[in-house]
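1. any chance you can model this:
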Amino acid sequence: MINILLPTDFSENANSAADFIFDLFDPKKVKLTVVHAVTPPRSTPGMMIDLGELMIKDADKDLAEEKKRIALKFLDIASIETKSKLGYLKDVLPSLCSAYRTDIMVMGTKGENSLSSKILGSNTENIIREGTVPILAVPLTYTINDTPRICIASSKDEVPNAEALKHISDNLKNMGKAQMSVLNVLTSTDEKSLKSIPFNGLQVAVEVEIASDPEKGIIQHLEKHETDLLVVTHRHNSRIDYLFQRSTTKKLAGKMDVPLLIFLS
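-> Next up is the predicted model:
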């Protein structure tokens, strides 16, 4: 069973992310919590009504409608809950993730045709940089294949976040059909890479791209290989992250349009 937290603003992007969850994961193994953060209203002296309370009530009504939509569309879902909370999204998410024992957070992305405007300069950037659980960023228009192809970007001779990734992969809708590979980006042909890496009782093939930096290698790989999910790692408190240095992220996210699973470390 996997606990998924879905922040929503009731937009098309959020609805698309909700639907994508059940393209990727087995509904019978999903415990979904749909949450909405109500931005605190400005109050003025002498105000007779609590605007925050009214906004929470309105949010609860919208959440009930979204719960109904999801439950009717995905009848096999294990469970679905909703929660509204007064506060800014990035501030309320840590307590919600803890309360619902979240394994993964799913967020719809904004932008004309890529992840760039959502990953950088948005709620998602702050959540990535301050988050505590893996985040799945989903483009507005994306349909996953029946045989999901999952690419894990790694700078080491191992699958990063292996235990958490195993838990996620064990709950995939087409777990037995999923095709996993590890991508190593090397700077020259003189560098060596393993042919395969052990993961979840199997040997996962290692694919290599030669490029001057990680994001160029990843983009090259995505151009040559159809990919349903790219897995990367964001390292907190590091001046030079493997992928998520701010400038690197901007270049990468601006040129790709596939679902992005971000592990935080």
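
2. tally of neighbours for residue 162?
-> Residues within reach of residue 162, counting by other Cβ atoms under 10 Å, total 14. All C-beta spots, glycine's among them, are computed from the backbone N, C-alpha and C.

3. against residue 87, how distant is residue 234?
-> Residue 234 sits at a distance of 23 Å from residue 87 (criterion: Cβ to Cβ, to the nearest Å).

4. comparing the two, which residue is more hemmed in?
-> Using other Cβ under 10 Å, the more surrounded residue of residue 234 and residue 87 is residue 234, with 20 against 14.

5. in the sheet, who's paired with that one?
-> According to DSSP bridges, residue 264 are recorded as the beta-bridge partners of residue 234.

6. right, and it touches residue 161 too?
-> No: taking contacts as Cβ atoms under 8 Å, residue 234 lies outside contact range of residue 161: 10.8 Å.

7. now the strands for the stretch 51-200 of the chain?
-> Defined through DSSP state E, counting those that start in this stretch, the strands belonging to the stretch 51-200 of the chain, from first to last, are 79-86, 104-108, 135-138, 149-153, 179-186, 196-199.

8. can I get the CA coordinates of the first one in CSV?
-> Included here for strand 79-86 are C-alpha records, laid out as CSV according to Å, rounded to 0.1, in the frame of the first residue of the first chain:
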residue,chain,number,x,y,z
SER,A,79,-9.2,4.9,0.1
ILE,A,80,-9.5,8.6,-0.5
GLU,A,81,-9.6,11.5,2.1
THR,A,82,-9.7,15.2,1.8
LYS,A,83,-8.2,18.0,4.0
SER,A,84,-8.3,21.8,3.8
LYS,A,85,-5.9,23.9,5.9
LEU,A,86,-5.5,27.6,6.4
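
9. what lies in contact with that strand?
-> Contact partners of strand 79-86, identified using Cβ atoms under 8 Å, 6 or more residues apart in numbering, comprise 30-38, 40, 52, 55-56, 59-60, 63-64, 66-67, 70-71, 92, 96, 100.

10. one more pass at 7 Å, please.
-> 31-38, 40, 52, 56, 59-60, 63-64, 67, 70-71, 92, 96 (Cβ atoms under 7 Å, 6 or more residues apart in numbering).

11. in the chain, where is pLDDT below threshold?
-> Judged by pLDDT under 70, the chain has its weakly predicted residues at 42-50, 110-126, 128-131, 141, 175-176, 235-256, 265.

12. could you pull out the helices in it for me?
-> Along the chain, the segments classed as helices by DSSP state H run 12-24, 51-73, 89-99, 116-119, 123-130, 162-169, 214-224, 246-253.

13. closest to residue 2 out of those?
-> For these, distance to residue 2 was read as Cβ to Cβ. The smallest value, 6.8 Å, belongs to helix 162-169.

14. packing partners for that closest one?
-> When contacts are defined as 3 or more Cβ pairs under 7 Å, 6 or more residues apart in numbering; DSSP states H and E, helix 162-169 sits against none of the other helices and strands.
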